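In: Sequence below, structure please.
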Amino acid sequence: MKNKLLVLSIPIFLLITPAVALSVCFDLGQADSYYIQGAHAIIFYEGIRPLARVVVPNCNLYQDSTIRLTTNYTCDTDRIIVDGKQCTIETVSSSPTTPKY
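Out: Modelled structure (predicted):
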């Protein structure tokens, strides 16, 4: 009976908390540089290898913007500091192989 309850509780938990279940996270603490792509996206790099693409739709990014992470392990809906202002991350995704300039 306990096993059946456990098996049933997992899907119920996933349905109740889809943001937690579907959250995408990356260890951006190892990033040593970043590239601002457009007005709302940042690609983080470790050396020349892209780690992740972060989208912040409510903050304007400029080529000379200063970016600071609030946590090393970064997930969707976390916060990031852009030019001294806290911004909410909409999505963190695997970065396409965008060349580093």
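
In: So what's the residue count around F26?
Out: For F26, the neighbour count with other C-beta atoms under 10 Å is 20. Heads up, the C-betas are built off the backbone N, CA and C, glycines and all.

In: Could you identify the helix or strand that succeeds the worst-scoring helix or strand of the chain on mean pLDDT?
Out: Ranked by mean pLDDT, DSSP states H and E, the weakest helix or strand in the chain is helix 18-22, scoring a mean of 49. Downstream of helix 18-22, the first helix or strand assigned by DSSP states H and E is strand 25-27.

In: Quick one: mean pLDDT for the following helix or strand past that next one?
Out: As assigned by DSSP H and E, the chain's next helix or strand after strand 25-27 is strand 33-37. Mean pLDDT, computed over strand 33-37, is 94.

In: partners of strand 33-37 in the sheet?
Out: Strand 33-37 pairs in its sheet with strand 41-46 (antiparallel), by DSSP bridges.

In: Show the average pLDDT along the partner strand.
Out: Per-residue scores along strand 41-46 average to 95.
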